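J.: Only the shape, not the letters, is given here:
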């Protein structure tokens, strides 16, 4: 379920942790806020990652953050999910949401269309949009490892970047650009309270509030 655990992960077990072989208890998993400063990236940081990436990997990052895709949704994309790629003004992406979220269709921006056309030209018979070097579907683990390598190469290792941060980036960047209900539809949230985490986390909405209400 898509809940506020997307921002702050809960510990793995509700009860006491299981004992290890030597009778000691393993350490509890740290919450995300104890590991990293924030759970989203800036557009400048996205650009730094993509600059270090191959064509395939740069396109994956672009689509993941533009459309708020979970890594499993990203890796599962098939070419049949993309329509009218030859007509830039009509090109669309059908987002097949997971984890109880609502699927939908998003228009594709011109830079996305150009990047996808290049990929399709390289592998016109592929089923999956993003394939591994072996020609099969790229795995979420493979994307996760790739993202970590790019973060280190881009000087962003201290952010401890993980794939779900790309989805959070979409929510954080779009929360001031559209009504909350529209953002919920865009991200596929079945419950709008799951979308409110982005408005609560975005302090920019308070800027100038005293001047505006004098």
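T.: Received it, and whenever you're ready, just let me know what you need. Quantities reported herein were computed from a predicted structural model and do not represent experimental measurements.
J.: so who does residue 139 touch?
T.: 75, 132 (Cβ atoms under 8 Å, 6 or more residues apart in numbering). From N, CA and C alone the C-beta is placed, and that goes for glycine too.
J.: one more time with 10 Å
T.: Residue 139 sits next to 71, 72, 75, 132, 145 when contact means Cβ atoms under 10 Å, 6 or more residues apart in numbering.
J.: Make a markdown table out of the residues you listed and add distance to residue 176, neighbour count and pLDDT.
T.: Shown next, in a markdown table, are the contacts of residue 139 (distance: Cβ to Cβ, whole Å; neighbours: other Cβ atoms under 10 Å; pLDDT from 0 to 100):
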| residue | distance to residue 176 | neighbour count | pLDDT |
| --- | --- | --- | --- |
| 71 | 25 | 22 | 97 |
| 72 | 28 | 14 | 97 |
| 75 | 30 | 23 | 97 |
| 132 | 37 | 13 | 90 |
| 145 | 33 | 11 | 96 |
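J.: Now residue 120: which helix or strand?
T.: Here residue 120 sits within helix 110-122, counting by DSSP states H and E.
J.: what helices or strands is that helix leaning on?
T.: helix 55-66, strand 82-83, strand 92-95 (3 or more Cβ pairs under 10 Å, 6 or more residues apart in numbering; DSSP states H and E).
J.: Looking at the contacts of residue 139, which are in strands?
T.: Within those, no residue falls in strands by DSSP state E.
J.: Distance to residue 56 for the residues you listed - can I get that in JSON lines?
T.: Compiled in JSON lines, the contacts of residue 139 are given as follows (distance: Cβ to Cβ, whole Å):
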{"residue": "71", "distance to residue 56": "15"}
{"residue": "72", "distance to residue 56": "18"}
{"residue": "75", "distance to residue 56": "12"}
{"residue": "132", "distance to residue 56": "10"}
{"residue": "145", "distance to residue 56": "14"}
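J.: Before I go, just wanted to say thanks for your time.
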